[in-house]
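Peer 1: based on what follows, work out the 3D shape:
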Amino acid sequence: MAHNIPADGTLLPLMEEFYTIQGEGFNTGKAAYFIRLGGCDVGCHWCDVKESWDAELHPLTSADDIVAKAETFPGKAVVITGGEPLIYNLDYLTQKLKEKNILTFIETSGAYPLSGTWDWICLSPKKFKAPRPDITPFANELKVIVFNKSDFEWAEQYAATVSDTCKLYLQPEWSKSKEITPLIIDYVMANPKWEISLQTHKYLNIP
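Peer 2: Numbering: from 1, shown residues only. You can find the predicted model right below:
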């Protein structure tokens, strides 16, 4: 793994941070501060932040500084994303956010061990590197990106591994949304345990 990143998570490779409106999944429409960490080896060919893959491109940043900046915004919710954020130990970062009464959300492929204290875990499994079976029971939300028809069957495999209270979302891959969205609509009407997630931030033209 890139850099000499301390195992205690006090320094993290920060790619970008921005205050915006959560665009997709269960928490759509809510103000949140996004912290995007660099580093990912899952390698989704349709990833829209490929520049996040190489952790060495992104400066090691003090977790305390990240928290101090997050605290300056009115929306007291932080979304940790990537890259794949669980490459790193997130116990320290989330503990400090909790001390400031900031809600903690994570977006993860589930390919690495779970660390951190979370109010909401969004599991978005990827075919290229499957989630660990010890993570799926903790997911509050399962969000499957649908790129082609075979992804529906694949989504059902993971739906069988999450808890009964986990919210289930199918989200069209953005570049194929014209073709895929009608299939998702039909699928959700036939299988109403699923809901549709749209990347509303793309429509709103915000990060």
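Peer 1: which helix or strand contains the closest residue to Lys127 other than its chain neighbours?
Peer 2: Spatial nearest neighbour of Lys127, chain neighbours left out: Trp154 (6.8 Å); criterion: Cβ to Cβ, 6 or more residues apart in numbering. The way it works is simple: take the backbone N, C-alpha and C, and place the C-beta from them, glycine included. Element membership for Trp154 (DSSP states H and E) is helix 150-159.
Peer 1: can you list the buried residues in that helix?
Peer 2: For helix 150-159, burial by neighbour count (16 or more other Cβ atoms under 10 Å) applies to Asp151, Phe152, Ala155, Tyr158, Ala159.
Peer 1: next: stretch 47-56.
Peer 2: Cys47, Ser52, Trp53, Asp54, Ala55.
Peer 1: nearest to Tyr203, of the residues you listed?
Peer 2: Proximity of the buried residues of stretch 47-56 to Tyr203 was ranked by Cβ to Cβ; the top entry is Cys47 with 20.1 Å.
Peer 1: strands of this protein, start to end?
Peer 2: 11-21, 31-37, 60-62, 77-81, 103-108, 120-123, 141-146, 167-172, 194-196 (DSSP state E).
Peer 1: and the longest helix for this protein?
Peer 2: Using DSSP state H to define each element, the chain has its longest helix at helix 177-190.
Peer 1: who's in contact with that one?
Peer 2: Outside helix 177-190, the residues that touch it by Cβ atoms under 8 Å, 6 or more residues apart in numbering are Val146, Phe147, Asn148, Lys149, Phe152, Leu170, Gln171, Pro172, Glu173, Trp194, Glu195, Ile196.
Peer 1: can you lay out the residues you listed as JSON lines showing distance to Leu103 and pLDDT?
Peer 2: As requested, the contacts of helix 177-190 are arranged in JSON lines below (distance: Cβ to Cβ, whole Å; pLDDT from 0 to 100):
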{"residue": "Val146", "distance to Leu103": "28", "pLDDT": "96"}
{"residue": "Phe147", "distance to Leu103": "30", "pLDDT": "94"}
{"residue": "Asn148", "distance to Leu103": "35", "pLDDT": "92"}
{"residue": "Lys149", "distance to Leu103": "36", "pLDDT": "94"}
{"residue": "Phe152", "distance to Leu103": "32", "pLDDT": "97"}
{"residue": "Leu170", "distance to Leu103": "25", "pLDDT": "98"}
{"residue": "Gln171", "distance to Leu103": "22", "pLDDT": "97"}
{"residue": "Pro172", "distance to Leu103": "27", "pLDDT": "95"}
{"residue": "Glu173", "distance to Leu103": "28", "pLDDT": "92"}
{"residue": "Trp194", "distance to Leu103": "25", "pLDDT": "98"}
{"residue": "Glu195", "distance to Leu103": "21", "pLDDT": "98"}
{"residue": "Ile196", "distance to Leu103": "24", "pLDDT": "97"}
